[in-house]
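> coordinates for the following, if possible.
(2 chains)
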Amino acid sequence: MNAPLDSTIPTMPGALPGLGHLHRFARDPLGFFTSMRDHADIVRWQLGPQRNIFISNPADIAHTLQNVEKTFSMQGDVGFGFRLFAGNGIITTHGDEWRRQRNTMQPGMRPQRVAAYSTTMVELTDRMLAGWGTGQQVDVRVEMLALTQKIAAKTLFGADVTGDAAMVGRALDVASREIGAEFRGVTMFLPAWVPTRGRRRLRAAITEVESVLYRIIHERRSDGSVDRPDDMLALLMDARYDDGEPMSDTQLRDESMTLYIAGHETTGNTLVWAYLMLSRHPDVRRRMAEEISSVVGDRLPTMEDYHSLAYTEAVVKETLRLYPPAWLHVVRAAVDVEIAGHPVSAGTDVWMSQWATHHDPRWFGDAHVFRPERFLGDAAKDIPSHAWFPFGGGRHVCLGNRFALLEAVLVLATVSQRFELDVPADIAFPPQPLLTLQPGRDVPARLVAAPAHARSRA
Amino acid sequence: MDDSTLSVSVDLAVCERYGHCCFEAPTVFELDDDGELRFDAAPDASLRPRVEAAARACPVLAIVVE
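Have a look, this model is predicted:
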């Protein structure tokens, strides 16, 4: 059945009998993706018993993503840990089930709705700043993940999770690490009933997060008021399918878990990387602060400012290029297909890595250098479609794409009016490919009064 | 066709109301309260970069700009 596939696609060297390339993938997935990218645009490789191909050319990535739900499906194996966390939520489903869920949730991310969320984003950021003081030391990871968590809970579920943020943050650290570890190791191929210590830790962490979700859902159900909020949780709870049935409790759990985690962990880590980059690039930080100062001044930023904050948005885009939260994407050929002129047989898993393509010197000059200017004006036109794809693409493109960009820009703008964050220059933060790409350790920073703020106080 | 305007068409049978175009070019594309897409088929030529960005951002490639 694999005969046509085997014939023309270059094979990645270094496979071991039985293991395939598992040893290389597990040790350093980002490095391994990069070496496959440098081997050829389309490469055959093997993860345990599963035969895969890896593609890295933006044209092939665009073609593949645009044919998801046609000739490709989202059935690629994502491992036990990821399934335990996301269940049958919108990230893991495909076909009619996915379409039904996507149609239910899409209205919650319409432009008018996303614009309405902007006020909450800025207010919660401002509240975080009220607890900050010049000269103080903060852990940027703790601060940003707590902030994005509160924003996600408030905008999507109308819930205040201030009291839960620290506990959920710790549980997510455990879950992210365990899912990342399993993803890279042999345990990914163990059946779900095999108990491992990591799986026990993961289950306990997920149970903790579920307890918060169940409380939020319970509060909404027992809320008798007429003016129920018109948010994502309402869309999920009020949905009625063709047979008149509401979403099952399991489905509701899976979707709210997906929204809660995917809705904050990704943007939280993006902001952490952004502050790290801004601290290391004072020229960029100065230019961004000048833009914010001239567009927004002393008042709080709004949705209307967003379209004028082009440089700040470029800072976010460049951060997403260098440190894409989602660092790999797997789809499965649903039928026999052709990629880059090679026949690929049905059932083959097709892997792509934002990390490998975003760091490819063919599409980005000085690919390892943080340079937001690439995303401005004419320079942006030189970036091939899907050379930058932090949100995926095609029909399964990230539901919260615009929410995330807006949130990151507004948080940067609000903080920048008051503080700069100085991260010690002598600490290295090698990116850890966990559930999302993370610094993998605390990110200490000293709060310095922003120049504009210091001036307005003088 | 006059040079001062663009020609924008959307295949509404293909469009799935993702709304990405509305973020890229808010003065050209709009999802109304019922979730239906409305758009200006002949926007000013100065909007070309935004309209092209909208066409590129469309997850189902339903937008054609001439």
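
> biggest helix in the chain by residues?
You didn't pick a chain, so chain A it is. In chain A, assigned by DSSP state H, the helix with the most residues is helix A:197-221.

> not what I meant, chain B
helix B:48-57.

> show me what counts as buried in it.
B:50-57 (16 or more other C-beta atoms under 10 Å in any protein chain shown). C-betas here are computed from N, CA, C, even on glycine.

> over to stretch A:165-177?
A:165, A:168-169, A:171-177.

> tell me which of those residues is nearest to A:Arg299?
Closest to A:Arg299 out of those is A:Ala165 (27.0 Å), distances taken as C-beta to C-beta.

> hang on, isn't the closest one packed against A:Thr148?
No: here A:Ala165 does not reach A:Thr148: they are 9.9 Å apart, not a contact under C-beta atoms under 8 Å.

> next one: the residue positioned nearest the centre of chain B from A:Ala181, what distance?
For chain B, the residue sitting closest to the mean C-alpha position, by C-alpha atoms, centre = their mean, is B:Phe29 at 5.0 Å. As judged by C-beta to C-beta, to the nearest Å, B:Phe29 and A:Ala181 stand 43 Å apart.

> equivalent analysis for A:Thr414, please.
For A:Thr414, the distance to A:Ala181 - C-beta to C-beta - is 35 Å.

> of those two, which one has the most company?
Shown here are A:Thr414 and A:Ala181; by other C-beta atoms under 10 Å in any protein chain shown, A:Thr414 has more neighbours (22 against 18).

> quick one: pLDDT of the more buried one?
Looking at A:Thr414, its pLDDT is 98.

> and if you look at the one 3 residues further on?
At A:Gln417, the model reports a pLDDT of 95.

> please name the residues that touch it.
A:292-293, A:296, A:298, A:450, A:452-453 (C-beta atoms under 8 Å, 6 or more residues apart in numbering or on different chains).

> if you rank these by neighbours, which is first?
A:Ile292 (25 neighbours).

> how about the strand or helix carrying that residue: buried residues?
In this structure, A:Ile292 sits in helix A:282-295 according to DSSP states H and E. Buried positions in helix A:282-295, judged by neighbour count with 16+ other C-beta under 10 Å: A:284-285, A:287-289, A:291-293, A:295.

> A:Ala326: how many residues sit nearby?
So A:Ala326, with other C-beta under 10 Å, has 20 neighbours.

> repeat for the one 5 residues further on
By the criterion of other C-beta under 10 Å, A:Val331 has 25 neighbours.

> pretty sure it sits against A:Lys70.
No: in this structure A:Val331 lies outside contact range of A:Lys70 using C-beta under 8 Å: 11.0 Å.

> near chain B, which residues of chain A are found?
A:66, A:106-107, A:109-112, A:114, A:307, A:385, A:393-395, A:397, A:401-402 (C-beta under 8 Å from any C-beta of the partner chain).

> so who does A:Arg197 touch?
Taking C-beta under 8 Å, 6+ apart as the definition, A:Arg197 has no contacts.

> distance of it relative to A:Asp242?
In terms of C-beta to C-beta, A:Arg197 sits 44 Å off from A:Asp242.

> same check, this time on A:His358
From A:His358 to A:Asp242 the distance is 41 Å (C-beta to C-beta).

> what about those two, which has more around it?
In terms of neighbours (other C-beta under 10 Å), A:His358 is the more surrounded of A:His358 and A:Asp242; the figures are 21 against 6.

> shouldn't B:Arg17 be within a strand?
No: according to DSSP: H, G, I helix; E, B strand; the rest coil, B:Arg17 belongs to no strand; its state is coil.

> skipping adjacent residues, who's closest to it in space?
B:Gly35 (5.3 Å; C-beta to C-beta, 6 or more residues apart in numbering or on different chains).

> these two touch, right, B:Pro26 and A:Val114?
No: counting by C-beta under 8 Å, B:Pro26 stays clear of A:Val114, with 11.3 Å between them.

> what about residue 34, which SS state?
Here I'm looking at chain A. helix.

> name the nearest residue to it, ignoring sequence neighbours.
Nearest one to A:Thr34, counting by C-beta to C-beta, 6+ apart, is A:Ala356 at 5.3 Å.

> mind checking which helix or strand that neighbour is in?
helix A:354-358.

> the residue lying closest to A:Pro301 once chain neighbours are set aside and chain B, how far apart?
Distances taken as C-beta to C-beta, 6+ apart put A:Ala413 closest to A:Pro301, at 4.2 Å, once the chain neighbours are dropped. Separation of A:Ala413 from chain B (C-beta to the nearest C-beta, to the nearest Å) stands at 17 Å.

> next one: A:Ile427
From A:Ile427 to chain B the distance is 36 Å (C-beta to the nearest C-beta).

> now swap in A:Val296 and tell me
19 Å.

> next up, the contacts around A:Val448.
A:Val448 neighbours (C-beta under 8 Å, 6+ apart): A:134-135, A:419-422.

> give me the buried subset of the residues you listed.
The buried subset of the contacts of A:Val448 (16+ other C-beta under 10 Å) comprises A:419-422.

> dump the residues you listed into TSV; add distance to B:Ala41 and secondary structure as well.
Listed next are these as TSV, based on distance: C-beta to C-beta, whole Å; DSSP: H, G, I helix; E, B strand; the rest coil:
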residue	distance to B:Ala41	secondary structure
A:Phe419	47	strand
A:Glu420	47	strand
A:Leu421	47	strand
A:Asp422	51	strand
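
> how about JSON lines for those, with distance to A:Glu143 added?
Shown next, in JSON lines, are the buried ones among the contacts of A:Val448 (distance: C-beta to C-beta, whole Å):
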{"residue": "A:Phe419", "distance to A:Glu143": "11"}
{"residue": "A:Glu420", "distance to A:Glu143": "14"}
{"residue": "A:Leu421", "distance to A:Glu143": "9"}
{"residue": "A:Asp422", "distance to A:Glu143": "14"}
